[in-house]
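Enquirer: Fold the following, please.
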Amino acid sequence: MASAERIFRVIFQSQGKIYEIYARSVSDGGMLGFVEIEELTFGERTQMVVDPAEEKLKSEFAGVKRTYVPMHAIVRVDEVEKEGQAKVSDSEGGNVTPFPMHMYGPGKGSD
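Expert: The predicted structure follows:
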């Protein structure tokens, strides 16, 4: 599979919601503690039905070249064969719990 054809499903938490988005590039970027997500894809496959939830997500990320998600908010990253439907759902009542994480930056450490 060529690099340009790779598709990643990224699931993360933000403001009490669970986001499931698809992108062509996911990396650790250069920002400590963040995951860099580039080339977001929304409904690029041919379809007759327009999903309002996906359209809302598409407008939320309109004009975004890349997004940085805090590492502790990432639930899962999968390389998939084809793009699925991007969606947002409430995390309340769900079974997703953030992974407890302590970040140590330059000049900070455990004494």
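Enquirer: CA atoms for contacts and neighbours, from now on please.
Expert: Fine.
Enquirer: Can you pull out the low-pLDDT segments for this structure?
Expert: Along the chain, the model assigns pLDDT under 70 to residues 1-4, 43-50, 92-111.
Enquirer: What are the boundaries of the strands in it?
Expert: 7-14, 17-27, 34-41, 66-70, 74-80, 87-90 (DSSP state E).
Enquirer: what sits against residue 54?
Expert: Residue 54 is in contact with 42, 43, 85, 86, 87, counting by Cα atoms under 8 Å, 6 or more residues apart in numbering.
Enquirer: Look up how far residue 71 lies from it.
Expert: According to Cα to Cα, to the nearest Å, residue 54 stands 24 Å off from residue 71.
Enquirer: now residue 34
Expert: From residue 34 to residue 71 the distance is 5 Å (Cα to Cα).
Enquirer: rewinding a little: most surrounded residue in the contacts of residue 54?
Expert: residue 86 (23 neighbours; other Cα atoms under 10 Å).
Enquirer: Now that residue, what are its backbone angles?
Expert: For residue 86, the backbone dihedrals (degrees, to the nearest 10) come out as phi -70, psi 140.
Enquirer: Once you drop chain neighbours, what's closest to it?
Expert: residue 21 (4.8 Å; Cα to Cα, 6 or more residues apart in numbering).
Enquirer: my guess is residue 89 meets residue 14, correct?
Expert: No - applying Cα atoms under 8 Å, one finds residue 89 not in contact with residue 14, separated by 10.4 Å.
Enquirer: Stretch 52-71: end-to-end distance?
Expert: From its first residue to its last, stretch 52-71 covers 28 Å (Cα to Cα).
Enquirer: same thing with stretch 55-68?
Expert: End-to-end distance (Cα to Cα), stretch 55-68: 21 Å.
Enquirer: If you count neighbours, what's buried in that stretch?
Expert: Across stretch 55-68, burial judged by 16 or more other Cα atoms under 10 Å covers 57, 58, 68.
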